[in-house]
Every structure is written in C-alpha cells, then in structure tokens.
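Enquirer: Generate a structure from the sequence data that follows.
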Amino acid sequence: MAGARIPVPRLQGVTEAQFLHDLYPQRKPLVLEGIDLGPCTSKWTVEYLSRAGGKQDVKIHVAAVAQMDFISKNFVYRTLPFDKLVQRAAEEKHKEFFISEDEKYYLRSLGEDPRKDVADIRKQFPLLEGDIKFPNFFQKEQFFSSVFRISSPGLQLWTHYDVMDNFLIQVTGKKRVVLFSPRDAPYLYLSALWFHNVISEEFGVGVNVFWKHLPSECYDKTDTYGNKDPTAASRAAQILDRALKTLAELPEEYRDFYARRMVLHIQDKAYSKNFE
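Expert: Alright, predicted model coming up:
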C-alpha cells in the first residue's frame, strides 16, 4: 500500500561479505550499526572540529526557517570560516548572524573547483581524514565522493533523490530520515529512485560516501555533485519531451487519447516485471 510506514531494518556488525552477497543485491535501505568508523565518533566535538578543521572559508546555506525549499529557494548562500560555521551551527541563538538570530546553517562540502572537482573530505579537510574510516563495502575504483555535512538543530532538507548508491555516515548528532519507495513516485512531485527527506534533530556532523554502482560510462562526466541522472535516462527524457511536443500538434481529444496510449505503452514495456 502506497504511503504505509515501514521501519527500515537495523542490523548490527554486518561484514563486507554479508553486505555484498546478502544485503546489497536487495536494493533496499538499511541502517548498519556497530561499524568501525574510527575515532571520529568520540573526537568530533564542536571544540575539536573548530580547532582541527581550520579557518578555511566554506560556502553554506543559510535559512531563516527550518524547512529549506529548493523550489522557492527560501535560503541564501553565504561564506564563513569553517571554525565559525561549526560554532554557529551548534547554537540555538546567534549573536552574529546573516538573517536572524535563530537562522539555520547547512554545509554540503564542495571540491576545490566545484565545476571540476568532487567533494572529498580527505582533500578538503586533510586534518580530519585520519579520524574517520569508510566502510570497505565497495571497490576503490567505484568511489565517487565523500561529502562532509554539518547541520543546525531542526534543519530539514528538501525531499530529493540520489543517483548513486551511498552511505550516510552520521558521526555525531541524530537525524530522522524518511524514505519513499520508487513505487511511491506517482504521489511525489518528482519521479525516480528512493526519495528521502532528512531532518537534523540535533546539531550533527556526518559524511556521505557515494560510489558508482553502474559502469562509469553511464554517468555524466561533467557531474561533480553526483546528482545528474544517468545519461541514458537524460536522453530518454529529452526524447519524451520531443514526443509530447509532437502530440501537441493534434486536437485535444486526439492528444489525450494518444498520450494515454503512450503511458500504457511505457507501463507495459519499460517497468520491471519485478517492480514492487
């Protein structure tokens, strides 16, 4: 039943072999507990990050309200030294601020040149690299990016989907993640993959590790964020747009009839027989 709430399985001490052979092929969300992440889980306090993370400038989202909306763009981009960002993001009220004393902050780390370089905590924050271990659950050549994320308490990210498979490593703090199955796509504003909505219930620091689970040629080579649809999907969408423009040349009743035929044809030919 669409819309039903189903708890995500929480598994303790999963090994690489268990993950790759038993769990990963199911293509379902999981919470993995008891994974060795290194000393970051105890070291990454506000004080430590402020000191070890350095004073380099970082570009951040600043919002006057907790619910950030990518459509209406109810946030602004600002720049802060990293140590100042950590300190402000951990506060409920701010003595220094851009918009309001209770504004929210969100860091999604970027590459040195965001147009050419992917985010990688090991390059952008080398002093923190030794503190964290990534789960060794995919081949090294599949690695795409490791995105350092910092969120103010209460911040809610807009609903979205990721193109690449990934681990959300929540090092400190607590997040509530609501995921929507691909079968719920007709009820959402966008369609594809596992949509998710993330709320930072506390000040939190995490690292998102993305990897290429499809052959490299399936991805757009200019994509440094890892959020562009696979090239075949983009081409198919362009073809569909052209087809719909062609249908617009017909009278309304013909356009309606043939559009419905197209939908039925897609359902019959394109959907997986194992689609749930």
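
Enquirer: CA atoms for contacts and neighbours, from now on please.
Expert: Will do.

Enquirer: Report the rounded mean pLDDT for the host helix or strand of Gln238.
Expert: Taking DSSP states H and E as the criterion, Gln238 maps to helix 231-247. Averaging pLDDT along helix 231-247 gives 94.

Enquirer: Can you mark which positions in the helix or strand that it is followed by are buried?
Expert: Using DSSP H and E, the helix or strand that follows helix 231-247 in sequence is helix 252-269. Across helix 252-269, burial judged by 16 or more other C-alpha atoms under 10 Å covers Arg255, Ala259.

Enquirer: what's the angle between helix 252-269 and helix 231-247?
Expert: 160 degrees (axes from the mean of the first three to the mean of the last three C-alpha atoms, to 10 degrees).

Enquirer: what sits up against helix 252-269?
Expert: Residues from elsewhere that reach helix 252-269 (C-alpha atoms under 8 Å, 6 or more residues apart in numbering): Leu244, Leu247, Ala248.

Enquirer: Now the buried members of those residues.
Expert: Buried members of the contacts of helix 252-269, scored by 16+ other C-alpha under 10 Å, are Leu247.

Enquirer: re the thing from before, what's the spacing between the helix holding Gln238 and its chain's center?
Expert: The gap between where helix 231-247 is centred and where its chain is centred comes out at 26 Å by C-alpha atoms, centre = their mean, to the nearest Å.

Enquirer: before we move on, which element is Gly154 in?
Expert: Using DSSP H and E, no helix or strand contains Gly154.

Enquirer: The residue nearest the centre of the chain and Asp268: what is the separation?
Expert: The centre of the chain sits closest to Asp162, judged by C-alpha atoms, centre = their mean, with a distance of 5.3 Å. Asp162 sits 26 Å away from Asp268, going by C-alpha to C-alpha, to the nearest Å.

Enquirer: again with Glu217
Expert: Per C-alpha to C-alpha, Glu217 is found 27 Å from Asp268.

Enquirer: just Met68 next, same as before
Expert: Distance, Met68 to Asp268, by C-alpha to C-alpha: 37 Å.
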